[in-house]
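**Q** I'll drop the sequence and a predicted model, then ask my questions.
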Amino acid sequence: MKLSTGLTRRTFLKGAGAAAAATILGDLGFDLTPVALAAQNLRIKTAKENMTVCCFCSVGCGAIVHTSDGKVINIEGDPDNPLNQGTLCSKGQAMYQLTKNKRRLDTVLYRAPGAKDWQTKDWDWAMKEIAKRVKKTRDSSFMEMDEAGITVNRTEAIAQLGGAAHDNEECYLLSKLGRALGIVYLEHQARI
Ligand code: SF4
């Protein structure tokens with residue numbers, strides 16, 4: 001969308017935060033608008049932009065994820081998304097912390113059946129163990145037909161639960177995987 005100044009909505013909102021800071025300094029007699037705008041734009045100037053949908057609730061606000069060298073450096077509301085028009089609620093604004101957060105666990109913790117203590121494991125061990133257990137359970141419980149002779153190709157022995165930290169794309173892949181395995185109990189934390 002073009003504003004009357006000739007700026008696009010996206011360009012305008014990109015500079016809005018920096019312009020506000022410049023206005024405060026302007027009250028003190030400094031005109032730092034160009035400097036502040038340049039600083040704000042510089043941070044994401046060479047970053048790659050990907051569109052996504054906020055993972056937290058079913059409103060489904062659009063967001064832009066900026067990445068540089070394969071790392072997320074910024075997430076903000078998508079001004080071109082007709083639903084939220086660049087805005088995000090306080091929860092959506094915290095999306096960045098899903099990727100960068102000192103308090104987030106980054107190792108696998110495993111508690112064996114019946115055990116009371118957690119053990120630290122590596123990712124290779126965890127992925128192999130999960131794959132092994134899913135395959136064993138699916139193979140032993142897979143039904144091609146139900147009691148009425150109708151083809152169902154499903155397992156009722158595995159349930160899949162998505163979490164709020166999964167983004168739209170991860171949820172899509174997890175649903176695809178679950179359905180390909182024949183899982184029928186598919187749920188998401190946001191709905192329960
Ligand atoms: S930004 Fe807020 S309202 Fe929008 S989808 Fe995320 S949690 Fe829901």
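**A** Received it, and whenever you're ready, just let me know what you need. Residues are numbered from 1 along each chain as shown.
**Q** residues from this protein in reach of the ligand?
**A** Neighbours of the ligand within the chain, by C-beta under 6 Å from any ligand atom: Cys54, Phe56, Cys57, Val59, Gly60, Cys61, Asn84, Leu88, Cys89, Lys91, Gly92. Every residue, glycine included, has its C-beta placed from N, CA and C.
**Q** nearest to the ligand, of these?
**A** For the residues of the chain next to the ligand, the closest approach to the ligand (C-beta to the nearest ligand atom) belongs to Gly92, at 2.3 Å.
**Q** burial count for that closest one?
**A** 20 (other C-beta atoms under 10 Å).
**Q** if I pick it, what's in contact with it?
**A** Cys54, Phe56, Cys61, Ala63, Gly77 (C-beta atoms under 8 Å, 6 or more residues apart in numbering).
**Q** beyond the host helix or strand of it, next helix or strand please.
**A** Here Gly92 sits within helix 90-93, counting by DSSP states H and E. Note on helix 90-93: by DSSP H and E, the next helix or strand toward the C-terminus is strand 108-110.
**Q** mind checking which helix or strand of the chain has the lowest mean pLDDT?
**A** Using mean pLDDT, DSSP states H and E, helix 9-27 stands out as the lowest-scoring helix or strand of the chain, at a mean of 53.
**Q** can you pull the buried residues of stretch 44-53?
**A** Ile44, Ala47, Thr52, Val53 (16 or more other C-beta atoms under 10 Å).
**Q** what's the end-to-end length of it?
**A** End-to-end distance of stretch 44-53 (C-alpha to C-alpha, to the nearest Å): 19 Å.
**Q** over to the residue most central in space within the chain: give its phi and psi.
**A** Among the residues of the chain, the one closest to the centroid is Asp167, at 2.7 Å (C-alpha atoms, centre = their mean). Main-chain torsions, Asp167, degrees, to the nearest 10: phi -90, psi 180.
**Q** in space, what's closest to it - neighbours in sequence excluded?
**A** Leaving aside its chain neighbours, Asp167 sits nearest to Cys55 (4.8 Å; criterion: C-beta to C-beta, 6 or more residues apart in numbering).
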